[in-house]
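>>> Build me a model:
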Amino acid sequence: MKFSESLISEYAKKIYGFAYSKTRDTFEADDLSQEIVLALCGIAFPEKQIDNMDAYIYKICRYTWSKYLRKNKPHRESLCGNECIDFVEDDCSVENDFIAAELCDKLRREIMYLGKIRREAIILFYYDGKSGEEISAFLGIPAATVRWHLHKAKNELKERFELTGNDNIYRPVRLSVGHYGWENNDIMHELKSDTLMQNICCVCFGTALAIEEISRTLGVAAVYLEDKLDKLCSMEYMTKSEKGKYRTNFFIRDAGYQIKHSRYQLEKTMPIALAYYNVVKSAFTEITQNGFTGTVSDDILMWDIMLYFMMSEIGETDCRMIKSLGLEHGSPIRPDGTRHWVRGAVSADEVLKSADMIGDDLMDFFKTANGCGIKGMNLTPINVHAFQLDSPFLCDWRTLTANDISAIRRICALEVENSEPNEFDKSAIAELVKKGYAVREDDGFKLLVPYFNAEQARKLDAVLKKYADAQLDRDAIDKVFFGYVEHMKKLIPDFICENERNHYLTSYDPQNTVLYLLMKNGKLKTPSDSKKKYICTILWEK
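Prediction:
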């Protein structure tokens, strides 16, 4: 049987890639590719009983390339002149010359994949002609250690030097990286944006690798990894063993985990959403009668109070579940003093590529409401608290700072005192107007988010508790939370530590989903673009 159409289709790109890598010219690559295919078409594959088709076709590619070189030697020399590789007179040695050049290139690449000490030792000894004692002085390590590193480096190079053509090609990924807790460091922000850092974490997730192995897998010289690894280890995002192997120190959620999490959210949360909504709706009139500062329309206030009520109620449910199932955990304390989890996940685009059949409803939910997106802030020592929720289905990512909270509190104080703002107040309030949390009016400023003073917040809590105790079936709600633990626990790998495992098992976090479902079902009014600037932002004193 001739080289079939299916095999041509399967190997066409690989053959052309081989051809271009050798010729570095699109026209010559086309010619060489055609000759390889012609050579393959003349082979009776069934009679060969080939076990490894990749290796066999690679062998034919190499053989055809050698013939191509011999046939085109004069033409290539006339084109390349003195810059071309010097060919010897005997045509039979042309292939050997090019293989030798390939070996030299590969050797240089392999040396660059070595870790710092072994890389330096090899270069100093073989390329710079330094003695063991000179290398010892240069690197600041004993001569015996230099000899050991040279021996290990030679063995590593020898083991990796077989030109089989069967190396696995690593496909770089882009992670979605966030945090849960309190972080205030540059390394976390680098991890959010640095694709090389993210891929280092991916290849070391679940498997401890030496820097040489990371370098080989990623196809990146080790020198470019050393600084990245030091930074990751400095924040304990990675750990380094006594044997010099690195392992990622946080859970990376793959596509299967994310889809199963989203499906549970979408399918199980609606009863909880309706129960919470009915409590807030029943309490709404009484809440507004008790008062707060701010000019907020009823439709936006419903969103704000829903957020406030959910955060409290869900927190209590989580506490009951954690105590009942023994899932106690705490945010890791980082070397810089911050406390946070690294929330790493395969990006949404990558998940959706592998999830063509998940259905339109789940697809829409995953794109627009997957995740939590809630920020909680405390302003001390005056004891002002704030919640804010951002989600693609609702609004863009916003930043509510401590200065903003102080300015909001100042607006409220000016209203109570019936006082005029000073120049400092006007500057701070102007920033609120810019962000959309307040608007200018002829007689001053108007606050667009609800602010409850300590007495109003106490009444708010009392009213919500009264209606919640009367209406909520907390046992039924608890079952949904407990069900999430059973639903997800098999998807968390065994090598994840118990503390982090418990964190993820208690990460049902349906706040985003509750609001998404209530809006989709017409219970909460879809906000206008102007209202999206300040929706789901609420402040209160204690």
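
>>> What segments of the stretch 301-450 of the chain are strands?
Taking DSSP state E, counting those that start in this stretch, the strands of the stretch 301-450 of the chain run over residues 339-346, 374-379, 384-389, 438-441, 444-447.

>>> Least reliable of those by average pLDDT, please.
Lowest mean pLDDT of those: strand 444-447, a mean of 80.

>>> partners of it in the sheet?
Paired strands of strand 444-447, with direction, are strand 438-441 (antiparallel) (DSSP bridges).

>>> Could you export the strands of the stretch 301-450 of the chain as a markdown table, including mean neighbour count and distance to Thr248?
For every residue, glycine as well, the C-beta is placed using N, CA and C. Below are the strands of the stretch 301-450 of the chain laid out as a markdown table (neighbours: other CB atoms under 10 Å; distance: least, CB to CB, whole Å):
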| stretch | mean neighbour count | distance to Thr248 |
| --- | --- | --- |
| strand 339-346 | 21 | 8 |
| strand 374-379 | 14 | 26 |
| strand 384-389 | 21 | 30 |
| strand 438-441 | 15 | 44 |
| strand 444-447 | 18 | 45 |
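
>>> Minimum distance to Glu133: which of those has it?
strand 339-346 (45.1 Å; CB to CB).

>>> CA atoms only: put that closest one into CSV for me.
Extracted in CSV, the C-alpha atoms of strand 339-346 (Å, rounded to 0.1, in the frame of the first residue of the first chain):
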residue,chain,number,x,y,z
ARG,A,339,-2.0,36.1,54.0
HIS,A,340,-3.5,34.7,50.8
TRP,A,341,-4.1,31.7,48.6
VAL,A,342,-2.9,31.7,45.0
ARG,A,343,-6.0,31.0,42.9
GLY,A,344,-4.5,29.6,39.7
ALA,A,345,-6.6,28.2,36.8
VAL,A,346,-6.4,27.3,33.2
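
>>> Dump the strands of the stretch 301-450 of the chain to TSV, plus distance to Ser9.
As requested, the strands of the stretch 301-450 of the chain are exported to TSV (distance: least, CB to CB, whole Å):
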stretch	distance to Ser9
strand 339-346	29
strand 374-379	49
strand 384-389	49
strand 438-441	63
strand 444-447	65
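
>>> Of those strands, which is nearest Glu423?
Of all the strands of the stretch 301-450 of the chain, strand 444-447 comes closest under CB to CB, at 14.0 Å.

>>> what residues does the closest one touch?
Applying CB atoms under 8 Å, 6 or more residues apart in numbering, the contact partners of strand 444-447 are 293-295, 408, 411-412, 414-415, 420-421, 429, 432-433, 437-440.

>>> Quick one: buried ones out of those residues?
293-294, 408, 411-412, 414-415, 421, 429, 432, 437-438 (16 or more other CB atoms under 10 Å).

>>> re the thing from before, quick one: which of the strands of the stretch 301-450 of the chain is nearest Cys204?
strand 339-346 (11.9 Å).

>>> just how off-centre is that closest one within its chain?
8 Å (CA atoms, centre = their mean, to the nearest Å).

>>> Stretch 280-287 now?
40 Å.

>>> what do you get for stretch 258-272?
22 Å.

>>> what do you get for stretch 496-505?
18 Å.

>>> got the CA positions of that stretch in CSV?
What follows is stretch 496-505, C-alpha atoms only, in CSV (Å, rounded to 0.1, in the frame of the first residue of the first chain):
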residue,chain,number,x,y,z
ILE,A,496,-2.6,18.9,47.5
CYS,A,497,-2.1,19.6,51.2
GLU,A,498,-5.0,19.2,53.6
ASN,A,499,-5.2,22.9,54.4
GLU,A,500,-5.5,23.9,50.7
ARG,A,501,-7.8,21.0,49.9
ASN,A,502,-10.2,22.1,52.7
HIS,A,503,-10.1,25.7,51.3
TYR,A,504,-11.3,24.5,47.9
LEU,A,505,-13.9,22.1,49.3
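
>>> Can you give me the buried ones in it?
496, 500-505.

>>> just stretch 257-275 next, same as before
257-259, 261-266, 268-270, 272-273, 275.

>>> Report the mean confidence score over it.
The average pLDDT for stretch 257-275 rounds to 94.

>>> Also stretch 55-70?
83.

>>> Then stretch 411-426?
Stretch 411-426 comes out at a mean pLDDT of 80.

>>> Which residues does that stretch contact?
By CB under 8 Å, 6+ apart, stretch 411-426 touches 293-294, 407, 410, 429, 432, 438, 444-445, 447, 451, 453.

>>> mind checking the end-to-end distance for it?
For stretch 411-426, the first-to-last residue distance is 10 Å (CA to CA, to the nearest Å).

>>> can you check stretch 396-407 too?
22 Å.

>>> Could you look up the SS state of the residue nearest to Leu491 when sequence neighbours are not counted?
Ranked by CB to CB, 6 or more residues apart in numbering and with sequence neighbours excluded, the top spatial neighbour of Leu491 is Tyr257, at 4.7 Å. Three-state assignment for Tyr257 (DSSP: H, G, I helix; E, B strand; the rest coil): helix.

>>> Confirm for me that Tyr257 is in contact with Lys489.
No. Between Tyr257 and Lys489 there is no contact under CB atoms under 8 Å: 11.1 Å.

>>> show me where the stretch 351-500 of the chain has helices.
360-368, 402-417, 423-435, 454-471, 474-488, 498-505 (DSSP state H, counting those that start in this stretch).

>>> With the stretch 101-250 of the chain instead?
116-122, 132-139, 143-159, 186-193, 195-203, 211-218, 223-234.

>>> Phi, psi for Ile300 please.
Dihedral angles of Ile300 (phi, psi; degrees, to the nearest 10) stand at phi -70, psi -40.

>>> any idea how far it is from Val173?
Using CB to CB, to the nearest Å, one gets 39 Å for the distance from Ile300 to Val173.

>>> Which one of those two is surrounded by more residues?
With neighbours defined as other CB atoms under 10 Å, Ile300 and Val173 compare such that Ile300 has more, 23 against 15.

>>> quick one, what contacts the more buried one?
Contacts of Ile300 by CB under 8 Å, 6+ apart are 527, 531, 534-535.

>>> Same check on Phe393?
So Phe393 contacts 368-369, 516, 519 (CB under 8 Å, 6+ apart).

>>> separation between Met53 and Glu10?
Counting by CB to CB - Met53 and Glu10 are separated by 9 Å.

>>> for Glu441, same thing?
70 Å.

>>> returning to that earlier point: any idea which of the helices of the stretch 101-250 of the chain gets closest to Met321?
Among the helices of the stretch 101-250 of the chain, helix 186-193 sits nearest to Met321 (CB to CB), with 28.5 Å.

>>> Okay, angle between that closest one and strand 339-346 too, please.
10 degrees (axes from the mean of the first three to the mean of the last three CA atoms, to 10 degrees).

>>> Output the contacting helices and strands for helix 186-193.
With contacts taken as 3 or more CB pairs under 8 Å, 6 or more residues apart in numbering; DSSP states H and E, helix 186-193 sits against strand 175-182, helix 195-203, helix 223-234, strand 339-346.

>>> CA-only coordinates of it, as PDB, when you get a sec.
What follows is helix 186-193, C-alpha atoms only, in PDB (Å, rounded to 0.1, in the frame of the first residue of the first chain):
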ATOM      1  CA  ASP A 186       5.000  42.600  43.400                       C
ATOM      2  CA  ILE A 187       5.600  38.900  42.900                       C
ATOM      3  CA  MET A 188       1.900  38.100  42.800                       C
ATOM      4  CA  HIS A 189       1.400  40.700  40.200                       C
ATOM      5  CA  GLU A 190       4.200  39.300  38.100                       C
ATOM      6  CA  LEU A 191       2.700  35.800  38.400                       C
ATOM      7  CA  LYS A 192      -0.600  37.300  37.100                       C
ATOM      8  CA  SER A 193       1.100  38.700  34.000                       C
END
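
>>> ok, and what's touching it?
Residues contacting helix 186-193 (CB under 8 Å, 6+ apart): 177-179, 197-198, 201, 231-232, 234-235, 237, 340, 342.

>>> switch to 7 Å and redo it
Residues from elsewhere that reach helix 186-193, judged by CB atoms under 7 Å, 6 or more residues apart in numbering: 177, 179, 197-198, 231, 234-235, 237.
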